[in-house]
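Engineer: Sequence and predicted structure below; questions after.
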Protein chains: 4
Amino acid sequence: MSLPDAFHEIAKRVNNWGRWGADDEIGTLNLITGEVVREAAACVRTGRRVPLALALREDGVQTGMIPGRVNPLHVMVQINQEIFGPGTVACSDDAVTMGLQAATHWDALSHVSHSGRLYNGRPAGSVTAHGGAGFGGIDKVGHLVSRGVLLDVARARGTDRLDGGHAVTPEDLEAAEELAGTRVRAGDIVLVRTGQMRLCLAGDRHAYGHPSPGLSIRTPEWFHARDVAAVANDTLTFEIFPPETEDLWLPVHALDLVEMGMLQGQNWNLEELSTACGETGRYAFLLSATPEPFTGATGSPVAPVAVL
Amino acid sequence: MSLPDAFHEIAKRVNNWGRWGADDEIGTLNLITGEVVREAAACVRTGRRVPLALALREDGVQTGMIPGRVNPLHVMVQINQEIFGPGTVACSDDAVTMGLQAATHWDALSHVSHSGRLYNGRPAGSVTAHGGAGFGGIDKVGHLVSRGVLLDVARARGTDRLDGGHAVTPEDLEAAEELAGTRVRAGDIVLVRTGQMRLCLAGDRHAYGHPSPGLSIRTPEWFHARDVAAVANDTLTFEIFPPETEDLWLPVHALDLVEMGMLQGQNWNLEELSTACGETGRYAFLLSATPEPFTGATGSPVAPVAVL
Amino acid sequence: MSLPDAFHEIAKRVNNWGRWGADDEIGTLNLITGEVVREAAACVRTGRRVPLALALREDGVQTGMIPGRVNPLHVMVQINQEIFGPGTVACSDDAVTMGLQAATHWDALSHVSHSGRLYNGRPAGSVTAHGGAGFGGIDKVGHLVSRGVLLDVARARGTDRLDGGHAVTPEDLEAAEELAGTRVRAGDIVLVRTGQMRLCLAGDRHAYGHPSPGLSIRTPEWFHARDVAAVANDTLTFEIFPPETEDLWLPVHALDLVEMGMLQGQNWNLEELSTACGETGRYAFLLSATPEPFTGATGSPVAPVAVL
Amino acid sequence: MSLPDAFHEIAKRVNNWGRWGADDEIGTLNLITGEVVREAAACVRTGRRVPLALALREDGVQTGMIPGRVNPLHVMVQINQEIFGPGTVACSDDAVTMGLQAATHWDALSHVSHSGRLYNGRPAGSVTAHGGAGFGGIDKVGHLVSRGVLLDVARARGTDRLDGGHAVTPEDLEAAEELAGTRVRAGDIVLVRTGQMRLCLAGDRHAYGHPSPGLSIRTPEWFHARDVAAVANDTLTFEIFPPETEDLWLPVHALDLVEMGMLQGQNWNLEELSTACGETGRYAFLLSATPEPFTGATGSPVAPVAVL
């Protein structure tokens, strides 16, 4: 079995291998220039900060369906321990075990391979048990601050939440862009709201997981045309799930991460942001969303904040 | 044994209990207003972003001296797994176990207690094995973006690195403030550079750990007078270690976290930032340093970024 | 709220505090003498070995109902790693994160307290986040080999599996003892089979969990009268759950662990053993069931083996 | 680079591939018959039980030299938690993260490969990140009880501890066998004492690690000739380390695990056992050493007990 021709045709059109040199490990993040960041800073009007991460807790979004993607197990290793003797200052310390893709996270470019290749044509075998991602690890990102644009597809379509079977198309993105009143441009981080997170926030993790609305296989070309730096949304699977075409699983992952070299974010909570943008009519902001620099990791939890 | 009178006298002068209400769990972070954030955004000139986190890796800064504060154990739980059958798109996933205070981190207000009390007078017993910090957890922070000011004490004193026995005094802070060319004000996040991180970066974790320069017991009053929102530095212990006064261990922790309700950051890498600020002569910037929202945690790793 | 008088009356009758000295931390394990072990060895007839542990895997018996009691997350940290260079011998290594009470396990005496006390009258506060069980840790056991006796209550009652609401009584134990053809005596480890494990093995972890048959509050006196060394069974909760008396939760735990100082085992798979004993008509054997010596732990996974 | 001819010649002589069928995953454990176990039971004289496991604790034998092989991090997830309301019975629960080969352990047959092959000719690629060892996992062992024989090489050579450079030869084993007064035979588990553990027990983990005495490349043929079921010793590396021949690393691992299909045990504490056997002059006993059944694991902690 191999991927269908239709996939490979799109792949050619969005491919960025070599665009930033043969050794590049960050792909479209190269598009975030100092100029882009200055413009992002200029988007700050009220100084309101909106957090976009889900709480990190044992009853998080994972249901056990994906092996190894475990919700955070937070434990105390010291509780009011008077380290230096009775009556002294007391300290509490904690530790955690968690799947790096379990909660609100970024996929690193190394998260996905197809046909034996990672982004920039590197062998899939660059990822090993000992050391993790030898190429395209999340630690290569360093910093991730840019202009963020909320494309509120649910609102643009007049609903709180898209149906589970709704594939978000380029037309949907453009309708939301029109609602946003700003044009998506090179170096932007695009946040696509489907409203699916409302299921999770209401406590139904299984319904949240699938069926899930998400990005259509047609969207990578749109993001490529706009030279977007990264895309995140409010679903578990990022792309529509089950997929649009039978037996073509995770095509958007393969196109975004492997072909384009573009980071994807999942499980972002865009509800408060949607409200805030709706109130002001402004959908562009400074977005700060630097992943934790785990050496050789194929993803990382992130605590993104939009500054409006 | 109890804490000496000298401690309690300072404690009274810097105490903020009740200042933001009896139920407040974030202390001096209340000082970060929309106005402060707008001014922070206005500090962005070149759009250069400087990351301040250490790499998260198994050979991190911890040496085993502090039980339970374990360096990150990063493991792969899937490697190029063709989840949906041979020849399909392949995924790699990872997991981690780590001490939340092991690397570049924020201490939550609940991290320390003294005399049976946490910040705002809450009982130390609010921290339990089941649930962690019932009060003052790091998850209460939500977002942490403000104006950052680098007080480069090492440079102001004409050295690369302060001696292990150097207690950073208010006078040191003011000399560095003069070098910075900006006055520290309400809502700022102050980054104090001692240069101690150079030992760690050179590979000597033991020397980095102690003896360590760090903040003097006299500094909390200075931070209180300026109404600083949070303070971070480039050492393992934050305050000078061993301490200035025999048998008075961790007094700065107790004053900052318990009395003032002010977050502390440790193990921040300020070397590149020092160079960048030195080149431009500008020591104020937009600082984005939101902790990961672990429910009930007494601290969190953070990947801070300064935007210049 | 406090425990009812009925509980305290039984408690008095089964209490072993001080019986083996004020410093004793192993309780009824003191009853396993060299003589008992020699008799256990004499039970070996065919040399057949029957393992009693469940597989340790991510889809284990835990359903997430008990916070922190996580199924094993097994991960590879090296896969065929040629540590000493290409073409050399290659090694694979693994790591695990798991709840110590998550699978087939022993409860240590420190696992439960009531009215502020552990076994032998020690303060419940002997268990701390830093160091775990300062008294009655599972590491104090050292070794656990004795004569095992299967009391196959399900078979004695002519069923494969007791109903969820069935409290196993002393009368049930004596009927099973008669079936076993041997009298339970001092130092024995008694394995009580309810058949509830069949639900788990059939894949229904939720039904396995509760409602569950299990030991009645009347059984501790029976075990005390016989001077049993330890008791294990094939349920998640050990005792009947929900309990026999409203608002008296886990009374058997409190009587066995705190008052008697007798180890309890849970989630033991007694199905193959039941078949083997049924075939031969012999229900006594050498039982080897030493817990892993985790320092300061309140329980431990165990891989028990019956040698027939 | 490939393994030298000298290695391959020995490999041919000790190879057991196909001996117990093409699908066999337990190798020489097949040699433990019911008869062997009955004889093991007959070795029990006093009923004395000697535990052979090291304490499982954060300051265990690992020094950080082997990445991922982390000492146990034991944490409390509940401490005297009154789950069912104030005044009810209170429970304490714990969890652990640890390397499966970090302490006293068995190597599974899948732990090592050479030339792309595991035991029985299976591809090394049978070990994957997702699922671990698809062949030769430690869970295949099921039970491990047999006759144990202590070959106290250190005592036979009149010393407490062999030198770091001492390779234990077949001649050493035979001298110790003579001291033991019993002939090693099919199905036995052989425990080889070097005395190296004394360094670890004295607190010097680094000296314990290496240089280390251990088994010579000449011993696999001796174990093969005797049809031993498994071998364990009291060192970190099992075989002499650094190795006897430059650039031939871990040859004994490759011969024992891959060619013969024989389990190896490391970090076993044989000091008390040595004393006990020395006192009685009897070096054969019932040995119970069942690994924890981690599905797909390449090793497991074990709490072995010798019953004398």
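Structural biologist: Yes, it's here.

Engineer: Pretty sure residue A:205 sits against residue A:63.
Structural biologist: Yes. With contact defined as Cβ atoms under 8 Å, residue A:205 and residue A:63 form a contacting pair (5.3 Å). Just so you know, the C-beta spots here come from the backbone N, C-alpha and C atoms, and that holds for glycine as well.

Engineer: where along the stretch 201-308 of chain A do the helices fall?
Structural biologist: Counting by DSSP state H, counting those that start in this stretch, the stretch 201-308 of chain A has these helices, from start to end: A:205-209, A:219-226, A:251-253, A:271-280.

Engineer: quick one: which of these is nearest residue C:172?
Structural biologist: When the helices of the stretch 201-308 of chain A are ranked by distance to residue C:172, counting by Cβ to Cβ, first place goes to helix A:205-209 at 39.5 Å.

Engineer: Where do the strands of the stretch 151-300 of chain A begin and end?
Structural biologist: In the stretch 151-300 of chain A, the segments counted as strands under DSSP state E, counting those that start in this stretch are A:167-168, A:189-193, A:214-215, A:230-233, A:263-266, A:284-288, A:299-301.

Engineer: other SSEs contacting the third one?
Structural biologist: It stands for strand A:214-215. Using 3 or more Cβ pairs under 8 Å, 6 or more residues apart in numbering or on different chains; DSSP states H and E as the contact test, the elements touching strand A:214-215 are strand A:167-168, strand A:230-233.

Engineer: for the closest residue to residue A:116 other than its chain neighbours, phi and psi?
Structural biologist: In this structure, residue A:116 finds its nearest non-sequential neighbour in residue A:124, 5.0 Å apart by Cβ to Cβ, 6 or more residues apart in numbering or on different chains. Here is the backbone geometry of residue A:124 (degrees, to the nearest 10): phi -60, psi -30.

Engineer: Next up, the contacts around residue A:124.
Structural biologist: The contact partners of residue A:124, by Cβ atoms under 8 Å, 6 or more residues apart in numbering or on different chains, come to A:113, A:116, A:117, A:118, B:80, B:90.

Engineer: ok now do residue A:266, which residues does it touch?
Structural biologist: Remark: with contacts taken as Cβ under 8 Å, 6+ apart, residue A:266 is in contact with A:101, A:104, A:105, A:107, A:232, A:233, A:235, A:236, A:237, A:238.

Engineer: on that earlier part again, and residue A:205 and residue A:63? Which one has more around it.
Structural biologist: residue A:205 (18 against 14; other Cβ atoms under 10 Å in any protein chain shown).

Engineer: Enumerate every residue touching the more buried one.
Structural biologist: Taking Cβ under 8 Å, 6+ apart as the criterion, residue A:205 is in contact with A:61, A:62, A:63.

Engineer: Now do residue A:130 against chain B, distance only.
Structural biologist: Using Cβ to the nearest Cβ, to the nearest Å, one obtains 9 Å as the distance from residue A:130 to chain B.

Engineer: cool, and residue A:289?
Structural biologist: According to Cβ to the nearest Cβ, residue A:289 and chain B sit 9 Å apart.

Engineer: The nearest residue in space to that residue that is not next to it in sequence: neighbouring residues, count only.
Structural biologist: Here the nearest residue to residue A:289 in space, its sequence neighbours aside, is residue A:304; by Cβ to Cβ, 6+ apart that works out to 3.7 Å. For residue A:304, the neighbour count with other Cβ under 10 Å is 28.

Engineer: With the one 4 residues further on instead?
Structural biologist: Neighbour count of residue A:308, defined by other Cβ under 10 Å: 23.

Engineer: Kindly report the same for residue A:206.
Structural biologist: By other Cβ under 10 Å, the residues close to residue A:206 number 10.

Engineer: And it, how close does it get to residue A:236?
Structural biologist: When distance is defined by Cβ to Cβ, to the nearest Å, residue A:206 is 10 Å away from residue A:236.

Engineer: Could I get the full set of strands for the stretch 1-150 of chain A?
Structural biologist: If you assign secondary structure with DSSP E, counting those that start in this stretch, the strands in the stretch 1-150 of chain A sit at A:49-51, A:73-81, A:90-99, A:105-107, A:112-113, A:127-128, A:132-133, A:145-152.

Engineer: right, so of those strands, which gets closest to residue B:47?
Structural biologist: Between residue B:47 and the strands of the stretch 1-150 of chain A, the shortest gap by Cβ to Cβ is with strand A:145-152, which sits at 8.8 Å.

Engineer: roughly how far is that closest one from the heart of the chain?
Structural biologist: Centroid displacement of strand A:145-152 relative to its chain, using Cα atoms, centre = their mean, to the nearest Å, is 12 Å.
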